[in-house]
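Participant: after the sequence you'll find the predicted model.
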Amino acid sequence: MRVLKSSEPISVSSVKKPGPRERNERRLNSRHKQSLRINQRVLGLGRIRRCCKWIPRALGSSCSKQSSWQQRQRQYTADVKASILLGSRGLDIFHISQRLESLSAATTFEPLEPVKDADIQGFLKNERDNALLSAIEESRRRTFLLAEEYHRESMLVQWEQVKQRVLHTLLGAGEDALDFSQDVEPSFVSDMGAPGRSALDSVEVAYGRQIYIFNEKMVNGHVQPSLGDLCASVADSLDDKNVSDMWLMVKQMTDVLLVPAKDTLKSRVAVEMQMAFVRKALTFLENSYKNYTMVTVFGNLHQAQLGGVPGTYQLVHSFLNIKLPGPLPGMQDGEVEGHPVWALIYYCLRCGDLSAAMQVVNRAQHQLGDFKTWFQEYMNSPDRRLSPATENKLRLHYRRVLRNSADPYKRAVFCLIGKCDIADNHGEVADKTEDYLWLKLNQVCFDDDGSSAPQDRLTLAQLQKQLLEDYGESHFSASQQPFLYFQVLFLTAQFEAAVAFLFRVERLRSHAVHVALVLYELKLLLKSSGQSAQLLSQEPGDPPMVRRLNFIRLLMLYTRKFEATDPREALQYFYFLRNEKDSQGENMFMRCVSELVIESREFDMLLGRLEKDGSRKPGVIDKFAGDTRAIITKVASEAENKGLFEEAVKLYELAKNPDKVLELINRLLSPVIAQVSAPQSNKERLKNMALGIAERYRTNGIAGEKSVDSTFYLLLDLMTFFDEYHAGHIDLAYDVIERLKLVPLSQDSVEERVAAFRNFSDEVRHNLSEVLLATMNILFTQYKRLKGVPAGTPGRQQRPLEDRDSLLRSQARALITFAGMIPYRMAGDTNARLVQMEVLMN
């Protein structure tokens with residue numbers, strides 16, 4: 001291509017047209033420019049891509065921020081809940097949190113670093129730290145174990161008390177109850193209760209009077225009277241032969257020479273004591289039968305043909321005229337004055353007159369062989385027992401000659417004197433229970449010399465087992481004849497079983513209880529070792545036929561009927577438990593008195609009354625206890641545990657325990673001091689009680705612990721404040737709260753009141769919300785009254801009003817500041833209401 005010079009002119013013809021190559025280059029350059037323009041137009045797509053890359057990162061960041069915010073929110077909620085829970089008890093949550101965060105466990109419980117073998121200092125440090133950690137862990141373990149043990153013991157004591165309460169409401173739990181018909185024994189007195197509110201019937205009232213006489217003489221230091229004689233006098237007034245015979249038997253059976261022994265069981269199982277019981281039982285049965293023969297003879301004098309020298313022999317002879325009017329087949333060894341000789345001997349023995357029997361033997365001695373010699377030895381023996389040699393001869397003669405004899409009286413006499421053939425019940429002669437019992441008691445042996453065969457040896461334990469277990473109540477028709485079965489058990493020295501049986505008969509329960517009291521006073525009663533035992537129980541380690549009576553339970557079951565209506569009489573019976581203790585070692589008399597007072601609510605009558613001058617008027621309990629303060633304190637403690645705080649306050653004041661009096665009265669006053677007073681309301685009643693206590697304590701110079709005492713009088717002053725406030729006496733209420741200095745009424749005193757608030761008790765703190773609201777209301781009322789005063793002379797009155805207005809607003813701000821600074825969470829919307837009234841004043 002030729003280059004033109006600048007001097008040459010340019011002509012159209014001289015310009016050469018572009019070729020195909022140039023056109024293609026131009027076209028490509030144009031397309032390139034177009035592509036650049038298109039690229040600039042769609043340049044926003046990169047931004048979108050960059051945004052898409054940023055969105056996941058932003059989303060992750062927001063999620064992490066949200067989770068951290070939720071965690072902070074949960075932490076804040078937990079802090080709020082902790083503040084509500086602990087702040088209500090006056091704890092400073094903020095300071096506690098700071099102290100907890102400042103604690104570091106790294107210095108104490110961090111893992112011990114390994115040390116080299118040659119590092120003695122490190123080794124000793126590790127050993128010391130390990131010893132400290134072991135001691136701390138052992139102390140923690142022991143502390144938890146001790147706490148669990150205390151809790152378990154407390155639960156066991158509570159359960160034991162509940163169990164005893166349940167058991168005492170059940171009669172004869174675990175035993176076979178009998179359905180005794182009520183139409184038996186028509187001579188028994190009626191079960192109609194005494195008129196009035198008393199739950200005692202006439203029989204129980206009569207017994208209770210004798211118990212009162214007995215206790216009066218015991219308490220006053222007189223000679224101890226015979227409780228058996230006193231109770232037997234009740235039977236005379238009842239005009240009931242069964243009851244009279246029962247008490248006659250009890251008196252005779254218990255009239256034994258007591259063997260000195262600290263343990264009643266040892267005394268009861270002693271051979272001398274058991275022999276004495278058997279002798280007394282035989283004497284009772286013989287005297288009873290002699291009286292029966294006399295009644296029979298004198299009731300049939302024409303048939304009896306009584307005559308001759310007065311005595312047992314003539315009595316028996318006349319009795320046989322009625323019982324054996326004609327000759328009987330099989331009688332041996334002839335007759336004496338028209339009656340079989342062995343029948344005369346048997347009935348003389350049955351009446352307990354050995355001399356009369358010897359008189360019969362002397363008259364027929366030629367027909368009786370060696371019997372006279374044997375009977376003389378038997379008669380002269382102090383324990384009515386033949387010598388072993390003579391006894392063996394008699395038994396040999398009986399087995400060879402008399403075992404199959406047709407004369408029942410002869411066989412009975414030989415078995416009685418020789419104590420042999422115990423399997424023979426002699427039903428032809430001993431046709432009544434009393435006769436059978438008398439015959440078996442005569443056969444009882446106490447010496448174990450080994451000379452007697454098993455069929456010729458009967459022990460008292462065997463006889464007891466036969467009557468109580470083998471025969472039992474059904475054999476003796478105990479449901480129809482309860483006195484008979486009681487007699488069978490009592491005459492065989494089974495006193496506990498006899499009392500337990502009679503106690504299960506509703507109409508005879510009072511007799512059973514007083515028989516048990518007589519035995520208890522004579523130290524003849526075997527008592528259960530545990531209060532939770534059944535009424536009649538057998539304890540391991542005791543002899544086979546020994547039974548024990550739950551005396552405490554028996555007495556509490558009996559008094560439960562009338563302790564609510566006749567607490568005086570119940571207290572007389574509880575006095576018998578003064579030397580008894582329960583399973584926890586607590587004195588049963590104090591425990592029963594405590595329960596009696598709580599149940600009957602007869603505080604003044606039983607424990608005494610507090611006079612206006614502070615002196616104590618004695619109660620019924622003063623007769624039975626020298627130191628009544630311990631009993632009254634026990635009752636007060638029980639009342640407090642049951643939630644009877646007002647009664648507990650009175651009782652603690654009776655017991656001269658001002659600390660407990662003020663502690664409980666503070667607890668009672670705290671919920672009611674902010675209430676509006678109304679006639680006969682709880683607040684009015686508690687207010688009068690508190691004012692009476694305050695007056696007596698100030699008059700007599702009595703004071704409790706300093707903190708409790710100051711709280712008591714502060715609560716009384718706050719009650720006065722609220723009474724004036726509710727009555728509309730704003731100025732008087734303001735003066736009271738200003739003198740109390742409980743809340744700040746100036747900014748300068750806020751710090752001082754906050755510091756003093758920590759020393760207040762919970763009873764005062766619980767009323768802080770009401771105190772602040774009432775004080776703020778007083779300030780707001782004064783503020784409104786101030787605003788309602790008409791404007792006077794501009795010069796002089798305007799400035800005092802402005803000063804008073806400023807003072808009220810300052811006092812309101814001081815209350816707001818105080819409410820925010822105290823470490824105590826107030827109830828409800830207290831803060832909001834305070835702020836609202838403060839705003840209204842501004």
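Facilitator: Structure received. Numbers count the residues shown, from 1 in each chain.
Participant: pLDDT wise, what is the residue most central in space within the chain at?
Facilitator: In the chain, the C-alpha closest to the average C-alpha coordinate belongs to Q161, at a distance of 2.7 Å (C-alpha atoms, centre = their mean). pLDDT for Q161: 71.
Participant: now swap in V444 and tell me
Facilitator: The per-residue pLDDT of V444 was computed as 90.
Participant: am I right that Q531 is in a strand?
Facilitator: No - remark: Q531 does not belong to a strand; assigned using DSSP: H, G, I helix; E, B strand; the rest coil, it is coil.
Participant: I'd assumed the residue nearest to the centre of the chain was in a helix, is it?
Facilitator: Yes - counting by three-state DSSP, Q161 is located in a helix.
Participant: assign S477 to helix, strand or coil.
Facilitator: Note that with three-state DSSP, the state of S477 is coil.
Participant: residues contacting it?
Facilitator: With contact taken as C-beta atoms under 8 Å, 6 or more residues apart in numbering, S477 is in contact with 484-485. No exception for glycine: its C-beta is placed from N, CA and C like everyone else's.
Participant: for the nearest residue in space to N682 that is not next to it in sequence, phi and psi?
Facilitator: Spatially, and ignoring its direct neighbours in sequence, N682 is nearest to V672 (5.8 Å; C-beta to C-beta, 6 or more residues apart in numbering). When read as degrees, to the nearest 10, the backbone of V672 gives phi -120, psi -10.
Participant: please verify my assumption that V672 contacts A678.
Facilitator: No - V672 is not in contact with A678 according to C-beta atoms under 8 Å; the separation is 11.0 Å.
Participant: these two: which is more packed in?
Facilitator: A direct count of neighbours by other C-beta atoms under 10 Å for V672 and A678 places V672 higher, at 19 against 9.
Participant: which pLDDT value belongs to that one?
Facilitator: For V672, pLDDT reads 90.
Participant: now do the same contact list for it.
Facilitator: 682-683, 686.
Participant: can I get the helix or strand hosting D803 in CSV? Just the C-alpha atoms.
Facilitator: D803 is part of helix 798-821 when elements are defined by DSSP states H and E. The C-alpha coordinates for helix 798-821 follow below in CSV (Å, rounded to 0.1, in the frame of the first residue of the first chain):
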residue,chain,number,x,y,z
GLN,A,798,-46.6,29.8,98.8
ARG,A,799,-43.1,29.0,99.9
PRO,A,800,-44.0,26.6,102.7
LEU,A,801,-46.4,24.8,100.4
GLU,A,802,-43.6,24.4,97.8
ASP,A,803,-41.2,23.1,100.5
ARG,A,804,-43.8,20.6,101.7
ASP,A,805,-44.5,19.5,98.1
SER,A,806,-40.8,19.0,97.5
LEU,A,807,-40.4,17.0,100.7
LEU,A,808,-43.2,14.6,99.9
ARG,A,809,-41.8,14.0,96.4
SER,A,810,-38.4,13.4,98.0
GLN,A,811,-39.8,10.9,100.5
ALA,A,812,-41.6,9.1,97.7
ARG,A,813,-38.3,8.9,95.7
ALA,A,814,-36.6,7.6,98.9
LEU,A,815,-39.2,4.8,99.1
ILE,A,816,-38.6,3.9,95.4
THR,A,817,-34.9,3.8,95.9
PHE,A,818,-35.2,1.7,99.1
ALA,A,819,-37.5,-0.8,97.3
GLY,A,820,-34.9,-1.2,94.5
MET,A,821,-31.9,-1.6,96.8
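Participant: what's in contact with the helix or strand following that helix?
Facilitator: Counting by DSSP H and E, the element after helix 798-821 in chain order, helix or strand, is helix 830-840. The contact list for helix 830-840 (C-beta under 8 Å, 6+ apart) reads 769, 772-773, 776-777, 779-780, 809, 812-813, 815-816, 819-820.
Participant: least trustworthy helix or strand in this structure by mean pLDDT?
Facilitator: helix 106-109 (a mean of 44; mean pLDDT, DSSP states H and E).
Participant: that older thread, next, format the contacts of helix 830-840 as CSV and append distance to L230.
Facilitator: CSV is the format used below for the contacts of helix 830-840 (distance: C-beta to C-beta, whole Å):
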residue, distance to L230
S769, 66
L772, 70
L773, 69
M776, 74
N777, 72
L779, 77
F780, 78
R809, 85
A812, 80
R813, 82
L815, 75
I816, 79
A819, 73
G820, 77
